[in-house]
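Asker: Sequence and computational prediction follow.
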Amino acid sequence: MEGLIIENNKPDNHLKYWVAYSRIQKIGPVNFKKLIDFFSDLKMAWQASQKQLISAGLDENLASEIIIQRQEINPEEEMALMARENVQAVILTDDNYPSNLKEIFNPPPVLYYRGSIDFLKNTCLAVVGTRKFSSYGQQATAEIVSQLAKSGLTIISGLAFGIDAMAHKACLEAGGKTIAILGSGPDKQCVFPSSNRYIADKIINAGGGLIAEYPIGTYPTKYTFPMRNRIISGLSKAVLIIEAPKSSGSLITARYGLDQNRDIFALPGSIYSANSQGTNNLIKEGAKLITSADDILQELNIQTVFEKLKSQPQIDNNEEKIVLDLLSKEPMHIDKIKKMSKLNINVLLSTLTIMEIKSLIKDLGGKNYIRN
């Protein structure tokens, strides 16, 4: 089906009903799915009678609640509010909805975001930990996340106090890609803690985004924070727990990750440190012990930055650079290369031969070349 991603200047007529339904708190992902499965589109569900809602599998009390709350919710106004707040949304049936998140038990029907979610196309790693971090956790987060970011991983975390915020900052300082998952609405006034809103702005300015399953104006609660942890792990290929006491919320993310068949990594700590009791227990239960970024990169079969540089053939002269700049994945004949490069034919032939040996380019036959 066609994607239903919202652009602020081109709201989709059906998307507004998804957004409107997300305003009804008592529905949740499970009952939302019943509506999706029963009705051909959410416009019909929005206009459905109480009897039809019950036929879709909703209990009588919830059906009554929907009928009442619908009178207070204007789908058109919801779309206008999103436009004013620079908030966009992607829905579960959209081709642009993150495929790995679709696989989890109860994926959010609507993902709201500010900024961009393009970084989710890369390999994503969740990095979480305790709010009350130690100097050990601080140092480990800065060092490990920085190296992971430089190796091309997108760092996912929750923008919370402590390790989460440090993971985002370490990634940004390394010039990496990061996305924050919120336990609130996506709008700036709902970002919690408010002291981390400057980090949220930096994430957006660096090309990343803030993601939430709750609509604009939703403030966080004790319920919303644990729920967002399933999204942190669901979007990621693996989860890294830096530092966590026995009762840390980051262990909830690890449990979700296990249920979602994600790799779980944990940083070991002193047996005398309360902050490492949770991570040490995870390791005893089967989480993979890591002591460096390389441990994670090897497990995920990702080359380090240094290995990539080492494996890349070097350009030895200006002629090779000229040719490489001209070529792409579209074949180019030698005659056109000669004309555009303005190189002597003997120099060009020699350059092309050497570049083929170095695997910088490839001859597809008939002297038609592409860039590797």
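Answerer: Thanks, I have the structure now.
Asker: Please enumerate the helices of the stretch 1-150 of the chain.
Answerer: Under the criterion DSSP state H, counting those that start in this stretch, the stretch 1-150 of the chain contains helices at 15-21, 28-38, 42-47, 50-55, 60-70, 75-84, 99-102, 135-150.
Asker: could you say what helices and strands the strand or helix carrying Leu324 packs with?
Answerer: Leu324 is part of helix 318-326, with elements assigned from DSSP states H and E. Here helix 318-326 touches helix 334-341, helix 345-357, going by 3 or more C-beta pairs under 8 Å, 6 or more residues apart in numbering; DSSP states H and E. Every C-beta, even on glycine, is put in place using the N, C-alpha and C of the backbone.
Asker: buried sites along the first one?
Answerer: With burial defined by 16 or more other C-beta atoms under 10 Å, the residues of helix 334-341 counted as buried are 334, 337, 341.
Asker: Adding mean pLDDT as columns, could you present the helices of the stretch 1-150 of the chain in JSON lines?
Answerer: JSON lines is the format used below for those (pLDDT from 0 to 100):
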{"stretch": "helix 15-21", "mean pLDDT": "95"}
{"stretch": "helix 28-38", "mean pLDDT": "92"}
{"stretch": "helix 42-47", "mean pLDDT": "94"}
{"stretch": "helix 50-55", "mean pLDDT": "96"}
{"stretch": "helix 60-70", "mean pLDDT": "95"}
{"stretch": "helix 75-84", "mean pLDDT": "96"}
{"stretch": "helix 99-102", "mean pLDDT": "94"}
{"stretch": "helix 135-150", "mean pLDDT": "94"}
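Asker: Lys284: which of those is closest?
Answerer: helix 135-150 (19.2 Å; C-beta to C-beta).
Asker: outside of the closest one, which residues touch it?
Answerer: Contacts to helix 135-150, defined as C-beta atoms under 8 Å, 6 or more residues apart in numbering, come from residues 125, 127, 129-130, 133, 155, 162-163, 166-167, 170-171, 173-178, 240, 242-243, 267, 269-270, 273, 275, 290, 292-294, 296-297, 304-305.
Asker: again with stretch 361-372
Answerer: Applying C-beta under 8 Å, 6+ apart, the contact partners of stretch 361-372 are 323-324, 327-335, 337, 352, 355-356, 359-360.
Asker: Separate out the buried members of these.
Answerer: Among the contacts of stretch 361-372, those classed as buried by 16+ other C-beta under 10 Å are 323-324, 327, 331-332, 334, 337, 352, 355, 360.
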